[in-house]
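Chemist: got a structure for you, letters missing:
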Ligand SMILES: Nc1ncnc2c1ncn2[C@@H]1O[C@H](COP(=O)(O)O)[C@@H](O)[C@H]1OP(=O)(O)O
Ligand SMILES: [Mg+2]
Ligand SMILES: [Mg+2]
Ligand SMILES: [Mg+2]
């Protein structure tokens with residue numbers, strides 16, 4: 001096997017693993033005033049901020065020249081109000097505790113990481129703000145969603161820690177940690193917590209969050225009548241009624257599986273759902289690159305196809321947003337074209353969706 005991106009893969013797995021551990025700690029201890037509502041009305045918790053501090057600290061030590069496009073920034077943490085001060089100190093404590101753990105990376109010492117190294121509060125806040133890079137079509141850059149599906153996280157349902165390496169607008173590596181996803185889809189009450197790792201040209205695999213039981217994932221060929229749709233829980237994030245219409249065109253009778261976050265891409269990659277469809281609602285929200293970069297590579301490396309609703313490739317080279325894309329259609333390679341045709345038919349019936 002080619003060893004392209006071997007170090008990046010190892011570091012990204014270690015960083016996502018650490019952040020997954022942190023999110024579980026936060027969930028068990030989250031108190032009411034540790035959640036804020038951002039300008040776009042979406043929630044953000046101490047978990048989102050501290051997970052971004054941890055992942056960005058690890059990435060910046062291992063790859064000091066790589067810029068990072070992360071979802072969060074410290075605007076709400078740097079103020080002097082009692083709320084900001086309390087939030088800031090919780091974020092710093094959580095990140096400090098998480099970074100003090102063993103990372104299992106050979107170069108840890110050399111990079112100034114691991115149990116022997118401390119990080120000052122201002123270094124941790126600056127690490128969060130390493131995520132403010134504006135992106136673009138040229139060069140290496142990481143993109144991070146420290147908690148994708150914050151609403152799912154708060155409900156105790158699906159969420160994901162999502163990290164990808166983009167080089168010249170192409171996703172080369174993607175790691176998604178899903179602490180609440182069943183390791184075996186056929187045993188929903190069995191052990192939970194999986195990580196999905198994809199490297200371009202090297203395939204996709206699932207493992208436990210600790211790295212145990214790695215196994216390749218592949219989208220199966222679904223017999224007709226066995227397909228089903230994966231979609232958001234939040235109706236405001238994508239149109240459920242449009243998906244129903246597409247399902248009718250495809251003759252799908254099974255009810256959709258609703259799940260928060262990029263866990264949907266993970267489910268698709270292992271055949272736990274045949275189609276992921278995400279058409280914009282009416283709010284004018286533009287999708288962000290960190291919400292699709294690792295998931296898109298996972299789907300491709302698992303043998304699937306991903307485009308927008310018009311059949312165009314997702315363009316990760318236009319900055320922080322997928323500005324020129326319209327929705328997302330992901331499915332196995334034998335199904336994708338049929339889904340696009342059904343989306344077209346459905347949208348002709350239901351302007352103004354596409
Ligand atoms: N109005 C919106 N429309 C679409 N997606 C949104 C909107 N607000 C937030 N999101 C983002 O959509 C993703 C989750 O959607 P879903 O779970 O439905 O797939 C998350 O990345 C979430 O951000 P966040 O990372 O803050 O949770
Ligand atoms: Mg958010
Ligand atoms: Mg997020
Ligand atoms: Mg997100």
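Modeler: That came through, no problem. Small disclaimer: the values here were computed from a predicted structure and weren't measured. Numbers count the residues shown, from 1 in each chain. Ligands and ions are numbered 1, 2, ... in the order given.
Chemist: look up the pLDDT of the residue of the stretch 101-250 of the chain found nearest ligand 4 for me, please.
Modeler: Residue nearest to ligand 4 within the stretch 101-250 of the chain: residue 148 (3.6 Å; C-beta to the ion). Every C-beta, even on glycine, is put in place using the N, C-alpha and C of the backbone. Residue 148 is assigned 98 on the pLDDT scale.
Chemist: tally of neighbours for it?
Modeler: 28 (other C-beta atoms under 10 Å).
Chemist: same thing with residue 4?
Modeler: Look at residue 4: counted by other C-beta under 10 Å, it has 13 neighbours.
Chemist: thought it was touching residue 202?
Modeler: Yes. Counting by C-beta atoms under 8 Å, residue 4 touches residue 202, with 7.3 Å between them.
Chemist: returning to that earlier point: the residue of the stretch 101-250 of the chain closest to ligand 4 contacts residue 292, correct?
Modeler: No. With contact defined as C-beta under 8 Å, residue 148 and residue 292 do not form a contacting pair (9.9 Å).
Chemist: so what sits against both of the two?
Modeler: Common neighbours of residue 148 and residue 292 (criterion: C-beta atoms under 8 Å, 6 or more residues apart in numbering): residue 262.
Chemist: which residues of the stretch 151-300 of the chain lie near ligand 1?
Modeler: Within the stretch 151-300 of the chain, the positions near ligand 1 by C-beta under 6 Å from any ligand atom are 152, 232, 234, 236-237, 260-261, 283, 285, 291.
Chemist: work out the gap between stretch 332-341 and the centre of the chain.
Modeler: 23 Å (C-alpha atoms, centre = their mean, to the nearest Å).
Chemist: what do you get for stretch 192-209?
Modeler: Relative to the centre of its chain, stretch 192-209 is centred 13 Å away, using C-alpha atoms, centre = their mean.
Chemist: mean confidence for that stretch?
Modeler: 98.
Chemist: and that stretch, end to end?
Modeler: This stretch, stretch 192-209, spans 9 Å end to end (C-alpha to C-alpha, to the nearest Å).
Chemist: one more: stretch 131-145?
Modeler: Criterion C-alpha to C-alpha; first-to-last residue distance in stretch 131-145 is 10 Å.
Chemist: mean confidence score for that stretch?
Modeler: Stretch 131-145 comes out with an average pLDDT of 98.
Chemist: tell me where this protein has helices.
Modeler: Taking DSSP state H, the helices of the chain run over residues 6-29, 46-62, 82-99, 108-111, 121-129, 150-155, 240-250, 263-269, 293-301, 336-349.
Chemist: switch those helices over to a markdown table; also include distance to ligand 2.
Modeler: Shown next, in a markdown table, are these (distance: least, C-beta to the ion, whole Å):
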| stretch | distance to ligand 2 |
| --- | --- |
| helix 6-29 | 13 |
| helix 46-62 | 6 |
| helix 82-99 | 15 |
| helix 108-111 | 28 |
| helix 121-129 | 13 |
| helix 150-155 | 5 |
| helix 240-250 | 21 |
| helix 263-269 | 15 |
| helix 293-301 | 15 |
| helix 336-349 | 26 |
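Chemist: residue 320: which of the ones you listed is closest?
Modeler: Closest of the helices of the chain to residue 320 is helix 293-301, at 11.1 Å (criterion: C-beta to C-beta).
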